[in-house]
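**Q** I'd like to go over a predicted model; first the sequence, then the structure.
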Amino acid sequence: MNCFVTGASGFVGANVVRELVARGHRVKVLVRAGGDGRGIADLDVERVTGDLSDGAKLTAAMGGCDWCFHVAAAYHLWMRDYKPMYATNVLGTRNVLEAAGRAGCGRIVYTSTVGCIGVPEPLPDGSILPSNEATPVSAAQMGNHYKLSKWQGEQIAFELARKGLPVVIVNPSGPIGPLDVKPTPTGQLIVDFLNGKLPAYIDTGLNWVHVRDVAVGHILAAANGNIGERYILGNREGNWTMKQTLEVLAEITGLPAPTREMPRAVALAAAYANAAFSFVTGIPPRVPLAGVRMSGHKMWFNPAKAIHELCLPQTPPRQAFAEAVEWFRANGHVKS
């Protein structure tokens, strides 16, 4: 297949490109001028310089492509001005999907996030039933600008699918693994652990998934996904508390895991103080308020639909963490 990929310099995007190339697909990528292309620097792909705002250029670049993967997104938990993030995640999404439609792409895969899916609520006995694609959710539940902007982008994807565009939506959970160049906020957790910068933890939970499985899930969604539907790209064994996550990292690395749980009130107070300091200085907060607010829920998800309908692979999360640790150590993220 001839494939077009946005966001190829990002963590998920770079892995999507690598999996496409490994399967013999021809790949064209959209890259920003001056963008960080380390994740795909060694790959034989066609590069088109541009951005998400130029619909005509996007349409021309996608000419002859069978599949379009719109992976690009602005992922920030704090910004002084959030308008650029909405321009990328909302207006940019419309531009890319409509351009893919005009170019005649047979499948258009839009990368959303599990942040757009309702979070699970505790049952009467205190247990938690992981959310799935049908869990009710609304814009009012999007508790920060990143989630709200992605929610609005996802609504555009649904709208265009209803109008006849062959759009399939994928919702990755917490991807980890190689090529997390920046790193992402989830990757930063591992880097901070390796550098001894996690004195305490918050009682929260995430669904961890190997980034390679997420990348393969994109390709499977293009080949087998149902138009107008969404698929959680996660791991059925990946619903871990933060305490469990840090214990696994300790076992992998031999480093001590923090044993002190930070009270939520203390974390919120620190986050508010950080937010005020960041607004004055422009320096991103060490403890983003949006992140602390999200931690109030155990963000556990059920990927059964993607496993059954797409045959989503299920690499053990422990292996994903081990590969991430190895990659961060080999690529200069760990201080001696």
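**A** That came through fine. Numbering: from 1, shown residues only.

**Q** Mind jotting down where the helices sit in the chain?
**A** According to DSSP state H, the chain carries its helices in the segments 11-22, 55-61, 83-86, 92-103, 145-162, 185-194, 211-224, 242-253, 264-281, 289-294, 304-310, 317-330.

**Q** possible to save those as CSV with mean neighbour count, mean pLDDT and distance to V45?
**A** Just so you know, the C-beta spots here come from the backbone N, C-alpha and C atoms, and that holds for glycine as well. Listed next are the helices of the chain as CSV, based on neighbours: other C-beta atoms under 10 Å; pLDDT from 0 to 100; distance: least, C-beta to C-beta, whole Å:
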stretch, mean neighbour count, mean pLDDT, distance to V45
helix 11-22, 24, 96, 6
helix 55-61, 17, 93, 13
helix 83-86, 14, 92, 27
helix 92-103, 22, 97, 18
helix 145-162, 20, 94, 25
helix 185-194, 20, 93, 23
helix 211-224, 24, 98, 14
helix 242-253, 17, 96, 32
helix 264-281, 14, 60, 37
helix 289-294, 20, 58, 33
helix 304-310, 18, 98, 24
helix 317-330, 19, 97, 21
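
**Q** Turn those helices into TSV, including distance to R236.
**A** Listed next are the helices of the chain as TSV, based on distance: least, C-beta to C-beta, whole Å:
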stretch	distance to R236
helix 11-22	20
helix 55-61	36
helix 83-86	31
helix 92-103	29
helix 145-162	23
helix 185-194	18
helix 211-224	11
helix 242-253	15
helix 264-281	28
helix 289-294	22
helix 304-310	7
helix 317-330	10
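
**Q** And those helices: which comes nearest A200?
**A** Proximity to A200 (C-beta to C-beta) singles out helix 264-281 among these, at 8.8 Å.

**Q** Give me the spatial nearest neighbour of I190, chain neighbours excluded.
**A** Closest residue to I190 in three dimensions, ignoring its sequence neighbours and counting by C-beta to C-beta, 6 or more residues apart in numbering: A324, at 5.4 Å.

**Q** The one you found: what's it in contact with?
**A** Neighbour list for A324: I176, G177, P178, D180, G187, I190 [criterion: C-beta atoms under 8 Å, 6 or more residues apart in numbering].

**Q** ok, 6 Å please
**A** By C-beta atoms under 6 Å, 6 or more residues apart in numbering, the contact set of A324 is I176, G177, I190.

**Q** nearest to I117, of the helices of the chain?
**A** Closest among the helices of the chain, using C-beta to C-beta: helix 145-162, at 9.6 Å.

**Q** The closest one relative to helix 185-194, how many degrees between them?
**A** 150 degrees (axes from the mean of the first three to the mean of the last three C-alpha atoms, to 10 degrees).

**Q** Helix 145-162 vs helix 92-103, what angle?
**A** If you take the same axes, to 10 degrees, helix 145-162 sits at 20 degrees to helix 92-103.

**Q** Let the chain start at 13 from now.
**A** Taking 13 as the first residue, the last one we looked at is helix 157-174.

**Q** could you say what helices and strands helix 157-174 packs with?
**A** For helix 157-174, the elements it packs on are helix 104-115, strand 179-184, judged by 3 or more C-beta pairs under 6 Å, 6 or more residues apart in numbering; DSSP states H and E.

**Q** picking that back up, out of the helices of the chain, the one nearest N247 is which?
**A** That would be helix 329-342 among the helices of the chain, by C-beta to C-beta, at 5.6 Å.

**Q** The closest one: how far from the chain's middle?
**A** The chain centre lies 17 Å from the centre of helix 329-342; the measure is C-alpha atoms, centre = their mean, to the nearest Å.

**Q** and Q326, how far is that from D192?
**A** Distance from Q326 to D192, counting by C-beta to C-beta, to the nearest Å: 20 Å.

**Q** Compare neighbour counts for these two and give me the winner.
**A** More crowded of Q326 and D192, by other C-beta atoms under 10 Å: D192, with 26 against 17.

**Q** Can you read off the pLDDT for the more buried one?
**A** Looking at D192, its pLDDT reads 94.

**Q** Let me see the contact set for it.
**A** Contact analysis of D192 by C-beta under 6 Å, 6+ apart lists F23, G199.

**Q** could you measure it against T18, distance?
**A** To T18, D192 is 18 Å away according to C-beta to C-beta.

**Q** for V337, same thing?
**A** Taking C-beta to C-beta as the measure, V337 falls 29 Å from T18.

**Q** do L258 as well
**A** According to C-beta to C-beta, L258 and T18 sit 34 Å apart.
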